[in-house]
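Participant: Mind looking at a prediction? Sequence and model below.
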Amino acid sequence: MLALSHEAVARGIKVYLYLIDDGVENIKRGELATLSEKGVRIFVCAYGARRRGVPMSDQAVFCGLVVLSDMITGCDRFIAFN
């Protein structure tokens, strides 16, 4: 996911990353800060973060699944990692 995001940004593609379920733990990774600095828009499921004790921070937008639904509806390509 990291390499793909870096490559997409390098090609001028807008990248939106939504972390959900156990994926919310990844907000703690420094690599995501680098992606954010390069223009990747990072969103975290607020419910999943709260359930897993991940504190809200300014590293990402903490929001609900409606935002994810809007992202999927509004994008040309959607890739899910499990």
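Facilitator: Perfect, I can see it now.
Participant: who touches the most centrally placed residue in the chain in this structure?
Facilitator: The chain has Leu17 as the residue nearest its centroid, 2.6 Å off, counting by C-alpha atoms, centre = their mean. Contacts here follow C-beta atoms under 8 Å, 6 or more residues apart in numbering; on that basis Leu17 touches 1, 5, 32, 35, 40-43. For every residue, glycine as well, the C-beta is placed using N, CA and C.
Participant: do Tyr16 as well
Facilitator: 40-41, 43, 71, 75.
Participant: Separate out the buried members of these.
Facilitator: Among the contacts of Tyr16, the ones that count as buried by 16 or more other C-beta atoms under 10 Å are 40, 43.
Participant: Tell me the one of the contacts of Tyr16 nearest Ile27?
Facilitator: Phe43 (9.9 Å; C-beta to C-beta).
Participant: Which strand or helix spans the closest one?
Facilitator: strand 41-45 (DSSP states H and E).
Participant: again, but for Phe62
Facilitator: Counting by DSSP H and E, Phe62 is part of strand 61-63.
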